[in-house]
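> Sequence below, structure please.
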Amino acid sequence: MRQIVHVHFPTLKSELLSVAMKTFYDIRNLPGLKKKPSTSELIDWLKLLVAEEIPMEALQSADNKVSVPPLVGALLKNEQDVSLFEKLVFMNQRNR
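Take a look at the predicted model:
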């Protein structure tokens with residue numbers, strides 16, 4: 001996957017890529033999604049992150065709590081999946 005991303009973003013910082021890929025795979029592995037994010041969604045999301053100059057820190061919380069990443073709609077194209085994801089994040093935060 002890193003090689004595919006590198007073709008599209010040869011100058012992307014490795015730290016940002018690592019954090020973005022972790023977020024991508026965490027979301028991809030959530031149970032119950034109707035459409036799991038694919039490579040195409042990862043590329044689209046990275047394009048938006050770069051265009052909007054979203055800092056790496058915005059993709060991870062300082063206290064390691066699960067949070068909704070910026071522009072998550074680029075990864076989750078299905079509105080039901082976005083809603084499910086947000087509910088799971090909210091439930092996870094309440095249980096900590």
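> Going by C-alpha atoms from here, please, whenever you check contacts or count neighbours.
Noted.
> which SS state does residue 90 fall under?
Following DSSP: H, G, I helix; E, B strand; the rest coil, residue 90 is assigned to helix.
> Next, count neighbours for it.
When counting by other Cα atoms under 10 Å, one arrives at 14 neighbours for residue 90.
> how close does it get to residue 33?
Distance of residue 90 to residue 33, computed by Cα to Cα, to the nearest Å: 16 Å.
> looking at this protein, which helix or strand is least sure?
Each helix and strand of the chain was given a mean pLDDT (mean pLDDT, DSSP states H and E); the minimum falls on helix 79-94 at a mean of 86.
> which other residues reach it?
When contacts are taken as Cα atoms under 8 Å, 6 or more residues apart in numbering, the neighbours of helix 79-94 outside the stretch itself are 27, 33-35, 65-68, 72-73, 76.
> What about these, which are in strands?
Counting by DSSP state E, none of the members of the contacts of helix 79-94 fall within strands.
> On the pLDDT front, check residue 11 for me.
pLDDT, residue 11: 94.
> List the contacts of it.
Per Cα under 8 Å, 6+ apart, neighbours of residue 11: none.
> That one sits in which helix or strand?
When secondary structure is defined using DSSP states H and E, no element contains residue 11, which sits outside every helix and strand.
> What of residue 49?
Secondary structure assigned from DSSP H and E places residue 49 in helix 39-51.
> For that helix, buried residues please.
When neighbours are counted by 16 or more other Cα atoms under 10 Å, the buried residues of helix 39-51 are found to be 41-43, 45-46, 49.
> again, but for stretch 2-9
Going through stretch 2-9 with 16+ other Cα under 10 Å, the ones that come out buried are 5, 9.
> swap in stretch 14-25?
Counting neighbours by 16+ other Cα under 10 Å, stretch 14-25 gives 16-17, 20-21, 23-24 as buried.
> if we can go back for a sec, now that we have the contacts of helix 79-94, which of them are buried?
Among those, the ones that count as buried by 16+ other Cα under 10 Å are 27, 33, 66-68, 72, 76.
> Contacts for whichever strand or helix holds residue 24 next, please.
Residue 24 belongs to helix 14-28 when elements are defined using DSSP H and E. With contact meaning Cα under 8 Å, 6+ apart, helix 14-28 is reached by 36-37, 42, 46, 56, 59-60, 69, 75, 85.
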